[in-house]
Structures are given as structure tokens and as C-alpha cells.
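Novice: after the sequence you'll find the predicted model.
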Amino acid sequence: EVKQPSLITPLNVNKYYVAYRCDRAFTAFAFKPQHPNIIIESHVAYIESSEEKVAYYYAAILNYLAYKVTQLGRAFIRHQFARPLLAVYMAGLVWKDVDEDTRLEVVKCSKVLHEKALNKEYSNQRVALKDVERLSEFKKLVEILDAKVSKENLEIALGMVSGKGVEEENEG
């Protein structure tokens, strides 16, 4: 379920969040607010969860999909907003649709990746994804998820968040 809050309210310090960019590369991270007055800026979307593992799971799934866009040489759609969440659904990677062993492995990889990427700064999100893709935990994450998502569903999902690749655009 995706909904837009009717009022601007601070994040709940008792919840976990996945924040992701609303424009172009929708790279994501999981966190629990440390202060009671944090408000999400308008160019950032978020998912709220009462469970830490769910937040880390969705951060990993969103980053996997963003990585697949760049890996396939596709261009990100300019304004994303809820599109990445719909792409997660279309890929068949929603939390309840994935077996528990897979979820736990994804969460485990996601937590390690969050620690390794902590306090790093990048010139853009493509550079960040290039840096992360060399890490063994990210390679494992991609391997796990590639085995779970069908090529057809992945194509549908990526079509929601990206345009054609450079080669396809030249052919068409």
C-alpha cells in the first residue's frame, strides 16, 4: 500500500525507514531516526516499517533494481516518486512474496552494505552503484535476487523506472 501523508509530520523515532531519491536513480538506504524532528524533503520518498529487517530488505531491493537499470545501460526516468515501489511489486520482490530464507539473506547483505557505505560520498548515484557493485555482499545480493526474479518480470519492472538502453534507442 502506497499513500501520501496529508500533513507534514516528523518521522517517528520508534519506526524504521527506507528513504530513496524521487528523481532519476532511486538509490535507497535504511535508517531509524535518532532525533524526533526529522522531516523528509520533497525530493525524497520513504517507506515506513515497524520492523528493522523489512526496512533493510526494501533498501536492498530498491538498490538492486537501480543497479539493474545501470547494468543494462538504461536511462532512468526523470521523476520516480512511487514508481520504484510499483517496480518492486511487478518484479515479484515484495516482502510477503519472497521466501523467508531469501528475505533473511537479503537483509543480512543489506546490513553489511549499509555499514560499508556509511559516510561515503559520491559525485552521483551511478558512481555509487559502480563502487558498491564490486563488494562481495552486493555480488551475493545480485546473485540471490537474479535467481528469484524472472527475466520477464524484471523487464516489466525496469520499464516502469527507466527508458530504453542506448543501443535500443539507436535501433528504434
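Specialist: In hand now; what should we look at?
Novice: contacts, neighbours, all on C-alpha from now
Specialist: OK.
Novice: pLDDT below threshold where in the protein?
Specialist: 1-5, 118, 165-172 (pLDDT under 70).
Novice: which parts of it are helices?
Specialist: 52-71, 83-91, 100-117, 125-132, 136-148, 151-161, 166-171 (DSSP state H).
Novice: against Val13, how distant is the residue nearest in space to the middle of the chain?
Specialist: In the chain, the residue lying closest to the centroid (C-alpha atoms, centre = their mean) is Leu62, at 1.5 Å. Leu62 sits 23 Å away from Val13, going by C-alpha to C-alpha, to the nearest Å.
Novice: out of the helices of the chain, which one sits most buried?
Specialist: Highest mean neighbour count of the helices of the chain: helix 52-71, a mean of 23 (counted as mean count of other C-alpha atoms under 10 Å).
Novice: tell me the angle of it relative to helix 83-91?
Specialist: 90 degrees (axes from the mean of the first three to the mean of the last three C-alpha atoms, to 10 degrees).
Novice: elements contacting helix 52-71?
Specialist: strand 16-21, strand 28-31, strand 44-49, helix 83-91, helix 100-117, helix 136-148, helix 151-161 (3 or more C-alpha pairs under 8 Å, 6 or more residues apart in numbering; DSSP states H and E).
Novice: mind checking how far that helix is from the chain centre?
Specialist: Here helix 52-71 is found 3 Å from its chain centre; the criterion is C-alpha atoms, centre = their mean, to the nearest Å.
Novice: list the contacts of it.
Specialist: Residues outside helix 52-71 that contact it (C-alpha atoms under 8 Å, 6 or more residues apart in numbering): 16-19, 25-31, 47-49, 75-76, 84-85, 88, 93, 95, 103-104, 106-107, 110-111, 126, 129, 141-142, 145, 158, 162.
Novice: same thing but at 6 Å, please
Specialist: Under the criterion C-alpha atoms under 6 Å, 6 or more residues apart in numbering, residues 16-18, 27-30, 106-107, 110 lie in contact with helix 52-71.
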